[in-house]
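A.B. asks: with the sequence up front, the predicted model follows.
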Amino acid sequence: MTPPIDHPLNLTTQAILTWGSWSLTAVALLIAVLLGMREKTPFYLLLLLASMFGAFAEPLYDEGLMLWFYEPGIWSHFTAFGVPQPNWTHSGYAILYGSAAMIITKSIHDGAISKSSVYIFFALELAMSCMFEMFGINGGAYEYWGPHVFRLFNYPVIIGILEATQVIFFSFAAIELRRRAKHPSHLLGLFAIFPMTFYAANFGIGGPVIIALHLDAPATSTAFVMFGTLLSIGLVFVVLRMAGNVMMGQAAAGENPAG
């Protein structure tokens, strides 16, 4: 299989994704600033900025999970691994990952959680990912061109499952950093935490499906991809089961006023 290099780009969808996501990002940044002023911390703003900066590593993700942004007419700011990157990836990361992490970390900070909260957060992020990506895919902006299985409206559901998991990873690591920070500048560590948790989930837990997608022909088959996908999904739910206990422990530990 080869990427759809010459596939036409729907310019209307590109405009909606660009202006819509950047407008929502502006709102999210404003909310982050207001929350930070109330709690006297740059934590929420840095949380969003770290997720946006993390989009510069999007080409690695595209290569691993076989995503291709349609190129003719694309508003792109750089290309890596031969994959052109639309400028709305940064705003997309802010909305899908940063804003969701802001909700999760705020809930943990306030102690407004229960043992089932991790599954609620997981479902919320999964729903956000499905809505965003199904619009982009079916609107003609990009596609997952590999031999993925379990597609819903052309969207491989494993993508949303891994995205939801990585947001939970990021949120837990971020709130732990905030709790331990002795000075606000220590929160700059969020810029390192985001790519670490992003690829721990997508390339770690998602490793089986990535390997299955890239097996040399004729080894690559629906059966191999299905097995790899199911294995990754199984690992996700093992992690979620443990994550609930971690989250409750973080809420009980409270926050460091310095952060």
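C.D. replies: Noted; the coordinates are in hand.

A.B. asks: could you give the number of residues near residue 8?
C.D. replies: 11 (other C-beta atoms under 10 Å). Where you see a C-beta, it was placed from the backbone N, CA and C, and this is true even at glycine.

A.B. asks: please, which helix or strand holds it?
C.D. replies: Taking DSSP states H and E as the definition, residue 8 sits outside all helices and strands.

A.B. asks: ditto for residue 137
C.D. replies: Mapping residue 137 onto the secondary structure by DSSP H and E places it in helix 117-138.

A.B. asks: packing partners for that helix?
C.D. replies: helix 11-39, helix 99-110, strand 142-144, strand 155-156, helix 157-180, helix 222-253 (3 or more C-beta pairs under 8 Å, 6 or more residues apart in numbering; DSSP states H and E).

A.B. asks: how close does residue 181 sit to residue 33?
C.D. replies: Look at residue 181 and residue 33: by C-beta to C-beta, to the nearest Å, they are 19 Å apart.

A.B. asks: more neighbours: these two, which one.
C.D. replies: residue 181 (20 against 14).

A.B. asks: ok, that one touching residue 187?
C.D. replies: Yes. At 5.7 Å, residue 181 and residue 187 qualify as touching, with contact defined as C-beta atoms under 8 Å.

A.B. asks: mind checking how far residue 228 is from residue 144?
C.D. replies: As defined by C-beta to C-beta, residue 228 lies at a distance of 14 Å from residue 144.

A.B. asks: then residue 134?
C.D. replies: Shown here: residue 134 relative to residue 144, a distance of 11 Å by C-beta to C-beta.

A.B. asks: overlap of the contact sets of these two?
C.D. replies: Among the neighbours of residue 134, those also in contact with residue 144 (C-beta atoms under 8 Å, 6 or more residues apart in numbering) are 154, 155.

A.B. asks: quick one, which of those two is more surrounded?
C.D. replies: Applying other C-beta under 10 Å to residue 134 and residue 144 shows that residue 144 carries more neighbours, namely 20 against 15.

A.B. asks: centre of the chain to stretch 200-213, how far?
C.D. replies: Relative to the centre of its chain, stretch 200-213 is centred 14 Å away, using C-alpha atoms, centre = their mean, to the nearest Å.

A.B. asks: ok, now stretch 84-97?
C.D. replies: On C-alpha atoms, centre = their mean, the centre of stretch 84-97 falls 10 Å from that of its chain.

A.B. asks: quick one: end-to-end length of that stretch, please.
C.D. replies: For stretch 84-97, the separation between the terminal residues is 21 Å (C-alpha to C-alpha, to the nearest Å).

A.B. asks: what's in contact with that stretch?
C.D. replies: Under the criterion C-beta under 8 Å, 6+ apart, residues 14, 17-18, 21-22, 24-25, 28-29, 48, 51-55, 58-59, 69, 71, 74-79, 125, 128-129, 132, 141-142, 163, 166-167, 170, 194, 198 lie in contact with stretch 84-97.

A.B. asks: then stretch 185-203?
C.D. replies: Residues from elsewhere that reach stretch 185-203, judged by C-beta under 8 Å, 6+ apart: 41-43, 46-47, 49-51, 53-54, 57, 60-61, 64-65, 97, 162-163, 165-166, 169-170, 173-174, 177-178, 180-181, 210, 259.

A.B. asks: buried ones only from these, please, as a ChimeraX command.
C.D. replies: Those of the contacts of stretch 185-203 that meet the burial criterion (16 or more other C-beta atoms under 10 Å) are gathered into one ChimeraX selection, given here:
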select :41,42,43,46,47,49,50,51,53,54,60,61,64,65,97,162,163,165,166,169,170,173,174,177,178,181,210,259
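
A.B. asks: how long is stretch 59-76 from one end to the other?
C.D. replies: End-to-end distance of stretch 59-76: 12 Å, with C-alpha to C-alpha as the criterion.

A.B. asks: likewise stretch 146-162?
C.D. replies: Chord length of stretch 146-162, first to last residue, is 17 Å (C-alpha to C-alpha).
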